[in-house]
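Asker: take a look and give me a structure for this.
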Amino acid sequence: MYGLDVSNAFARADVDEHLHVMQPIGYTNRDKNGVPYVCRLKKGLYGTKQAARLWHETLRRHLLADGWQQYETDTCIFSRHTSRFGHEFVGVYVDDIVHSCSSQAAHTAFHTYCTKAFPTKSQGILTWILGMEIKRDRSTRTLTLNQSRMMLALLDDCDMRDARPLTSPMDPNWKYGTGAHVVDDDRKRDFQSRVGSLSYMAQCTRPDISLAVNRLARHLSKPNENCYKALHHLLRYCSHTPDLGIKYHQGTSTSLRLEAYSDSTYGGEDCDTAKSQTGNLIYFGGGLVDWSSHLQSVIALSSAEAEQMAAFSASRSVVHFRQLLEELGHKQLDTTTVWVDNTAAISQSRNPIAHQRTRHVLIRYHYLRELHNTGIVRLEYICTRDQVADILTKPLPPKDFARLAPFIVSTT
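Answerer: Okay, the predicted model is just below:
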């Protein structure tokens, strides 16, 4: 894998409509009546709403002209096959490009082609991207992602690197409570900034802190003392585990299977909403590729309904990844298993009988039945003790958290 970076990417795209901006300060020209002119944009400008779309369309046309094909499932992925270089893949995130190919010669040719259209810098073999460090161990055939450098920088900023460590990210008994909101603007901004930094890491390489970050993020506008205590608790856990990340092992043709774990809590920490918490984990070939911890959109009236909503959310992700894997050449021929620890939710996905306890369930959640009938997804039972997604639904006691955490993160 190689990295490329396009210089001033947005300014390389042509604007496709009339856009006007004020003249830069110090360069103001006026008409004969003294009225200042406005500038008409010809190229994309950082800060405009359509700049990212224009740049992506410009890059897309450039790649298609060179024989690349854009994926339907994820429009930021391109691939091609040539007799000279074999299979190549390109992943795009704004102006950062990941080029996966079989040789340095293939990367050099691609870099040369990109440079003809816009200034592009090759970063060589990819070891760092978007704050994530990439490590490859060819002897064990593993690839790991971590954000330890970003985590340590955050801990230094909070003066928490040497804090007394904790072994779980959140107190199982934590509640937002009814305490007075913090009115100190500086302290509030610090809280928002630190939760924002942790949120980015939770989305990229630290699923173990997803639940804690999700709960704190609900109270960004009105944090209270309980929120600050929870943030302090989370940072103490992070000071104990700054080098955790995600590890991928090379799989065999028979092990490249997709599976998911889905769980929920009935009712929530916030008594004002009473919405249940969903936790989902998606694995491919034994490696974690997607996770989610969020409040459900509607109030569940039973634990079975909450579990069904969580399984519905996981199944939608499964459908997406099955389509993506098919485009990548790893079509899932078998039914994908979603592991659930609630037998009533499993029965509802298989049995269309409606009765007084279930007839109120929104029709869209019965999408699970269609997926089951067509052989795409099948809900299977797993005991609560082995339900890995439980770590994303509620704060667990340290002993239970330590038992489940190695299934989603590892030392890198």
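Asker: residue ranges for the helices of the protein, please.
Answerer: With DSSP state H, the ranges of helices along the chain come out as 51-64, 104-117, 148-157, 185-204, 210-217, 225-240, 303-328, 343-350, 367-373, 398-404.
Asker: domains in this structure, as residue ranges please.
Answerer: Following automatic domain parsing, one gets these domains for the chain: 2-126, 147-240, 251-381.
Asker: among those domains, which comes closest to T393?
Answerer: Of all the domains of the chain, it is domain 251-381 that lies closest to T393, at 4.1 Å by C-beta to C-beta. C-beta coordinates here come from the backbone N, C-alpha and C atoms, glycine included.
Asker: what mean pLDDT does that closest one have?
Answerer: Mean per-residue pLDDT for domain 251-381: 84.
Asker: just stretch 191-203 next, same as before
Answerer: Mean per-residue pLDDT for stretch 191-203: 96.
Asker: now the residue positioned nearest the centre of the chain: closest residue in space that isn't a chain neighbour?
Answerer: In the chain, the residue lying closest to the centroid (C-alpha atoms, centre = their mean) is Q203, at 4.3 Å. Setting aside the residues directly before and after it, Q203 is nearest to S210 in space (C-beta to C-beta, 6 or more residues apart in numbering), at 7.9 Å.
Asker: that neighbour contacts L288, correct?
Answerer: No. With contact defined as C-beta atoms under 8 Å, S210 does not count as touching L288 (11.4 Å).
Asker: which residues does F407 contact?
Answerer: Going by C-beta atoms under 8 Å, 6 or more residues apart in numbering, F407 touches V388.
Asker: my bad, F321
Answerer: F321 neighbours (C-beta under 8 Å, 6+ apart): L258, I282, F284, V289, D290.
Asker: specify the beta-bridge partners of the third one.
Answerer: Here F284 sits in beta bridges with L258, G287, as judged by DSSP bridges.
Asker: ok, it touching L324?
Answerer: No. Here F284 does not reach L324: they are 9.7 Å apart, not a contact under C-beta under 8 Å.
Asker: who has more neighbours out of these two?
Answerer: Legend: neighbour count by other C-beta atoms under 10 Å for F284 and L324, higher for F284 (21 against 18).
Asker: from T411, how far out is that one?
Answerer: In this view, F284 and T411 are 21 Å apart by C-beta to C-beta, to the nearest Å.
Asker: related to what we said a few turns ago, neighbour count winner among S210 and L288?
Answerer: The neighbour comparison of S210 against L288 (other C-beta under 10 Å) goes to S210, with 23 against 20.
Asker: so how far is K331 from the more buried one?
Answerer: Separation of S210 from K331 (C-beta to C-beta): 30 Å.
Asker: one more: L198?
Answerer: Distance from L198 to K331, by C-beta to C-beta: 37 Å.
Asker: these two: which is more packed in?
Answerer: More crowded of L198 and K331, by other C-beta under 10 Å: L198, with 25 against 10.
Asker: tell me the contacts of the spatially closest residue to that one that is not a sequence neighbour?
Answerer: Closest residue to L198 apart from its sequence neighbours, by C-beta to C-beta, 6+ apart: V213 at 5.0 Å. Contact analysis of V213 by C-beta under 8 Å, 6+ apart lists V195, L198, S199, A202, L234.
Asker: ditto for L19
Answerer: R40, L41, L45, T48.
Asker: out of the residues you listed, list just those in strands.
Answerer: R40 (DSSP state E).
Asker: got the contacts of L19 as a markdown table, with pLDDT, neighbour count and distance to V318 columns?
Answerer: Formatted as a markdown table, the contacts of L19 follow (pLDDT from 0 to 100; neighbours: other C-beta atoms under 10 Å; distance: C-beta to C-beta, whole Å):
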| residue | pLDDT | neighbour count | distance to V318 |
| --- | --- | --- | --- |
| R40 | 89 | 10 | 48 |
| L41 | 89 | 16 | 43 |
| L45 | 87 | 17 | 40 |
| T48 | 86 | 15 | 36 |
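Asker: how about the contacts of L19 in JSON lines, adding distance to S83?
Answerer: As requested, the contacts of L19 are exported to JSON lines (distance: C-beta to C-beta, whole Å):
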{"residue": "R40", "distance to S83": "46"}
{"residue": "L41", "distance to S83": "43"}
{"residue": "L45", "distance to S83": "41"}
{"residue": "T48", "distance to S83": "42"}
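Asker: to N33, which of the helices of the chain lies closest?
Answerer: Of the helices of the chain, nearest to N33 by C-beta to C-beta is helix 51-64, at 32.7 Å.
Asker: centre of the chain to the closest one, how far?
Answerer: 23 Å (C-alpha atoms, centre = their mean, to the nearest Å).
Asker: which parts of it are buried?
Answerer: Buried residues in helix 51-64, counted by 16 or more other C-beta atoms under 10 Å: A51, A52, L54, W55, H56, T58, L59, R60, H62, L63.
Asker: does anything pack onto it? Which helices or strands?
Answerer: strand 69-70, strand 86-93 (3 or more C-beta pairs under 8 Å, 6 or more residues apart in numbering; DSSP states H and E).
Asker: mean confidence score for that helix?
Answerer: 93.
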